[in-house]
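Chemist: take a look and give me a structure for this.
(2 chains)
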Protein chains: 2
Amino acid sequence: MLIRQLDTIRASQRNVVTPGWESARMLLKDEGMGFSFHITTMYAGKELRMQYRNHLEAVFVLQGSGTIKNLATGEVHELRPGTLYALDEHDRHVVRPETDIVTACVFNPPVTGREVHDETGSYPADAAAAAE
Amino acid sequence: MLIRQLDTIRASQRNVVTPGWESARMLLKDEGMGFSFHITTMYAGKELRMQYRNHLEAVFVLQGSGTIKNLATGEVHELRPGTLYALDEHDRHVVRPETDIVTACVFNPPVTGREVHDETGSYPADAAAAAE
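Modeler: Predicted structure coming up:
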């Protein structure tokens, strides 16, 4: 059994901070759960354009509000506490937080550590997993 | 892209209610994410003895407080908002909620639907997956 505290993770190397968001990685690949689990905050007023070409991701909104746009269809959905979005087709998307949005995020396959988005808005594939 | 609202799920067949807990299954096996994602409330004053022999589970506490006991080691950990526990060894455990505890839960492999705990405190294995 593993026990993790959000405040401890936020004060550690497992907290990744970028200009648009920060993410406390509560569970990573090394924990062996087959997914990673992050508490991620997207900052108010940013426009976050992303596509996870190498991962599936589900995001559950805990606090805050904004919108997500599906760039394949043009559809815009409201984000508020209780909304979940799942990128089941590696969807290209833009999140526009009106306030800071705090979320619980799950990635499959698990993120390995300190990934940030590359120039395409993706996280890189896990080189170790690709070699398996 | 899938969009789900917690209040809609809670009013649907995807909300499973038992004497000790209730669980809104936001994502199940059929969504194809490779994990399931649930918002689960464990009720104040209950003693919930569980072991997921067929699944790995991570639980992040959103609201409420209580304790979790690892029955293999006897260790007791406090649960409060920001605590995550991960059952990475199919750990036998007891949760004792002091107040209602609201959690975000991730199961791997994904839960298929309306599972409740069997007499051993487990969810059954996914018969379809076992046959694959």
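Chemist: going forward, measure contacts between C-alpha atoms and count neighbours the same way
Modeler: Noted.
Chemist: run a quick neighbour tally on the nearest residue to residue A:126 once chain neighbours are set aside.
Modeler: By the measure of Cα to Cα, 6 or more residues apart in numbering or on different chains, the closest residue to residue A:126 outside its immediate chain neighbours is residue A:112, 7.2 Å from it. Applying other Cα atoms under 10 Å in any protein chain shown, we find 19 residues neighbouring residue A:112.
Chemist: low-scoring stretches of chain A, by residue?
Modeler: A:114, A:116-117, A:119, A:127-132 (pLDDT under 70).
Chemist: specify the beta-bridge partners of the most centrally placed residue in it.
Modeler: Centroid check for chain A by Cα atoms, centre = their mean gives residue A:105 as the closest residue, at 5.2 Å. Applying DSSP bridges to residue A:105 gives these bridge partners: residue A:38, residue A:59.
Chemist: surely it meets residue A:56?
Modeler: No. With contacts counted by Cα atoms under 8 Å, residue A:105 stays clear of residue A:56, the gap being 10.4 Å.
Chemist: whatever helix or strand residue A:4 lives in and chain B in contact?
Modeler: Assessed by DSSP states H and E, residue A:4 sits inside strand A:2-5. Yes. Counting by Cα under 8 Å from any Cα of the partner chain, chain B has neighbours in strand A:2-5: A:2-5.
Chemist: out of those, which is nearest to residue B:124?
Modeler: residue A:2 (23.0 Å; Cα to Cα).
Chemist: how about residue A:7: what's its closest non-neighbour residue?
Modeler: Excluding the flanking residues, the one nearest residue A:7 by Cα to Cα, 6+ apart is residue B:82, at 7.2 Å.
Chemist: right, and the residue nearest to residue A:126 touches residue A:125 too?
Modeler: No. If you go by Cα under 8 Å, residue A:112 and residue A:125 don't touch, sitting 9.6 Å apart.
Chemist: about what we covered before: could you save the residues of strand A:2-5 next to chain B as JSON lines and add columns showing distance to residue A:44 and neighbour count?
Modeler: Output for the residues of strand A:2-5 next to chain B, formatted as JSON lines (distance: Cα to Cα, whole Å; neighbours: other Cα atoms under 10 Å in any protein chain shown):
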{"residue": "A:2", "distance to residue A:44": "33", "neighbour count": "13"}
{"residue": "A:3", "distance to residue A:44": "31", "neighbour count": "16"}
{"residue": "A:4", "distance to residue A:44": "27", "neighbour count": "15"}
{"residue": "A:5", "distance to residue A:44": "25", "neighbour count": "17"}
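Chemist: report the two of those separated the most.
Modeler: Spanning the widest gap among the residues of strand A:2-5 next to chain B are A:2 and A:5, at 10.3 Å by Cα to Cα.
Chemist: overlap of the contact sets of these two?
Modeler: Common contact partners of residue A:2 and residue A:5 (Cα atoms under 8 Å, 6 or more residues apart in numbering or on different chains): residue B:84.
Chemist: chain B contacts on chain A?
Modeler: A:1-7, A:26, A:31-35, A:56-57, A:70, A:77, A:82-89, A:91, A:104, A:108.
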